[in-house]
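A.B. asks: give me a 3D structure for the following:
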Amino acid sequence: MSGRLKNLPLAFSRRSAEAVARDLLGRFLVRTMDDGSRLVARIVETEAYLGEPDRASHAWNGRRTARNASLYLPGGHWYVYFIYGMHHCLNVVAGAAQTGGAALIRAAEIIEGQEIAHRLRGCNGRVRPGDLAGGPGRLCRALAIDRVFDGRPTNDPRLRLAHGEPVREVLVASGPRIGVAYAGEAAAWPLRFAVRGHPEVSRPRL
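C.D. replies: Numbers count the residues shown, from 1 in each chain. Coordinates of the predicted model:
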């Protein structure tokens, strides 16, 4: 496990959002809590957002607000936003500074620290596949991720990206992103990526 838990270099994220989103599959999120306990989650689903030309992106048409400021950092930073008054969403900023690209982490499999994740999610006993960290809001609750991490580098010792186990192309499914019907033709772009057949992928499954 030790080699798989080594930090990914910041350069990993300084590529196109599409390339980063695809290559995040199989990588690990490592969350170290204040008491030293640790959760490790294997990423199984992502979505790419392409910045200014992408109507589904928070950076569409060069939009800049206090909320999305972290999107304009160089690749290798976290962009965490709050949505619907109830959910946090975790993104990896991608590409060069000022381009606004990002990869949303939609779902993960908790492979270490399941008891902690269950407690954070308020789950008692067994949960159905996909209910622990399947979906961006569930994932953030299971790993205690909030706006504190917004703008922090992806090698922050409290929340970092690790090498994990890259996924072979034959095992990758792709399709349109979820919940972006407002984005016109961009809604149909095949920028959602998932580990094919994995039970923790959020619904509707690819």
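
A.B. asks: pLDDT weak spots in the protein?
C.D. replies: The chain contains residues with pLDDT under 70 at 125.

A.B. asks: from what I can see residue 38 touches residue 30, true?
C.D. replies: Yes. Residue 38 lies in contact with residue 30 (C-beta atoms under 8 Å); the separation is 6.7 Å. C-beta here means a position set from N, CA and C on the backbone, and glycine is covered the same way.

A.B. asks: of these two, who's got more company?
C.D. replies: Neighbour totals were compared for residue 38 and residue 30, and residue 30 leads with 23 against 13 (other C-beta atoms under 10 Å).

A.B. asks: how much space separates the more buried one from residue 14?
C.D. replies: 20 Å (C-beta to C-beta, to the nearest Å).

A.B. asks: swap in residue 8?
C.D. replies: 11 Å.

A.B. asks: who has more neighbours out of those two?
C.D. replies: Using other C-beta under 10 Å, the more surrounded residue of residue 8 and residue 14 is residue 8, with 20 against 16.

A.B. asks: show me the contacts for the more buried one.
C.D. replies: 27, 154, 155, 161, 162, 163 (C-beta atoms under 8 Å, 6 or more residues apart in numbering).

A.B. asks: do that again at 10 Å, thanks
C.D. replies: Residues in contact with residue 8 (C-beta atoms under 10 Å, 6 or more residues apart in numbering) are 23-24, 27-28, 76, 92, 154-155, 160-164.

A.B. asks: burial of the nearest residue to residue 129 once chain neighbours are set aside, as a residue count?
C.D. replies: With C-beta to C-beta, 6 or more residues apart in numbering as the criterion, residue 129 has its nearest non-adjacent residue at 3.4 Å, and that residue is residue 199. Neighbour count of residue 199, defined by other C-beta under 10 Å: 12.
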